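Novice: give the three-dimensional model of this entry:
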Amino acid sequence: MATKQVAKNTMKPKAVAISRLWNRLSLSIGIPKILFREGIVSLTAIIRILCAADPAVRLSLEYCFMVEAAQIPLLTAAQVTQQAPIRQAANGICFADFGDTQVAPEDLERIVQAVPAAVANALTRRAYYFVPLTLADEETPRIASGYASELADRAICHRNVRLGGSDCIFISTRIMQDRFALAFEYSINVGHHFVEAVGVPESFAELVWSQAKADTRGETSQDAWENRRRAQERGAEDEKAKTDYFQAAFSDAVAIYLLSMTLDFDYTELREREYPLLFAPALAERLRHVAGLFPPNPGYEFEIRYRRKG
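Specialist: A predicted model of the protein is given here:
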């Protein structure tokens, strides 16, 4: 029995460190274990308190996280493209998944296929790779095939890599909190890439500029908000500022349109602190315009529902 226990501890250094952490709870900070078990105090909060109070705990946890990270293979972006079989969705989008993404195949297919064919046709020589973690601090882009806390701290939402004449977009699935976050990250990338490929339809530009001149409250992103402010401050003659605003607003509208066909969500979920969210009826007008330009694929539908008052 003792031999088995030693082997178990050797294979799971993180479990050993956490176990030792439990033993320090009452001595170091007086937080009963029951509070964690009942969800009153989070493990993250406990770790932070202990690390600040006891350097030995900090070093122990740093070591176990380093061991955990060392067990996760890191590959270059080029190696991932060689190992992950590329697929083409019915709408023409090229994509692949690699490693322990924690995303069900049907969910991934639903997200990718939400892009209308008219939009997908413009995204030539691009492929979207859904991977566990894309590291940000590597000069040579590297991908983690699994999740580790230390690696997650170094990861970013996505990274664009030019390989063999094609644009490869690596999206980190394991730093997304839920399906909503993953779908929105993908949709935002598609929106920006579509604008890069085709620009902004004149009819959409006229619509958003008329809303801006009417002093419609809010915008759809920080970029749209700042570019709109600059465009209005510098006057209608500043075509550069206006173009930047139109591009930001259009890519945002495309992204939100794609998200709305992927899953149901509340518009307020898009709210951020840095800028006021666009007045809902104004966004609805933009989305209907985009839907008219790029109708949904079969099996998808676009619908705007307003919450009844009272």
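
Novice: alpha carbons only for contacts and neighbour counts from here, please
Specialist: Noted.

Novice: could you pull up phi and psi at the residue nearest the centre of the chain?
Specialist: Central residue of the chain (CA atoms, centre = their mean): E185, 3.7 Å from the mean position. Main-chain dihedrals, E185, degrees, to the nearest 10: phi -60, psi -50.

Novice: would you agree I143 falls within a helix?
Specialist: No. Using DSSP: H, G, I helix; E, B strand; the rest coil, the secondary structure at I143 is strand, not a helix.

Novice: what is the burial count for E285?
Specialist: E285 has 14 neighbours, counted by other CA atoms under 10 Å.

Novice: same question but for D97, I mixed them up
Specialist: 23.

Novice: tell me the contacts of the residue nearest to the centre of the chain?
Specialist: 157, 171 (CA atoms under 8 Å, 6 or more residues apart in numbering).

Novice: what separation do you get for the closest residue to L277 other than its chain neighbours and V290?
Specialist: Excluding the flanking residues, the one nearest L277 by CA to CA, 6 or more residues apart in numbering is G218, at 4.7 Å. For G218, the distance to V290 equals 19 Å [CA to CA, to the nearest Å].

Novice: tell me which residues in whichever strand or helix holds F170 are buried?
Specialist: In this assignment (DSSP states H and E), F170 forms part of strand 166-172. Buried residues in strand 166-172, counted by 16 or more other CA atoms under 10 Å: 167-172.

Novice: adding pLDDT and distance to Y257, write the residues you listed out as a markdown table.
Specialist: Formatted as a markdown table, the buried residues of strand 166-172 follow (pLDDT from 0 to 100; distance: CA to CA, whole Å):
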| residue | pLDDT | distance to Y257 |
| --- | --- | --- |
| D167 | 97 | 23 |
| C168 | 97 | 23 |
| I169 | 98 | 20 |
| F170 | 97 | 22 |
| I171 | 98 | 20 |
| S172 | 97 | 22 |
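
Novice: out of those, which one sits closest to A282?
Specialist: I171 (30.4 Å; CA to CA).

Novice: contact partners for the residue nearest to the closest one when sequence neighbours are not counted?
Specialist: Of all residues not flanking I171 in the chain, H158 sits nearest, at 4.3 Å (CA to CA, 6+ apart). When contacts are counted by CA under 8 Å, 6+ apart, H158 touches 134, 169-172.

Novice: make JSON lines out of those residues and add distance to A78.
Specialist: As requested, those are exported to JSON lines (distance: CA to CA, whole Å):
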{"residue": "T134", "distance to A78": "13"}
{"residue": "I169", "distance to A78": "12"}
{"residue": "F170", "distance to A78": "11"}
{"residue": "I171", "distance to A78": "15"}
{"residue": "S172", "distance to A78": "16"}
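
Novice: longest single helix anywhere in the protein?
Specialist: With DSSP state H setting the assignment, residue counts place helix 239-262 as the longest helix in the chain.

Novice: helix or strand with the lowest mean pLDDT in the chain?
Specialist: Ranking every helix and strand in the chain by mean pLDDT, DSSP states H and E puts helix 2-11 at the bottom, with a mean of 40.

Novice: now R159, what's its secondary structure?
Specialist: strand.

Novice: how close does it sit to G218?
Specialist: Distance from R159 to G218, by CA to CA: 29 Å.

Novice: repeat that for E269.
Specialist: 15 Å.

Novice: of these two, which one has the most company?
Specialist: Ranked by neighbour count (other CA under 10 Å), E269 and G218 place G218 first, with 19 against 8.
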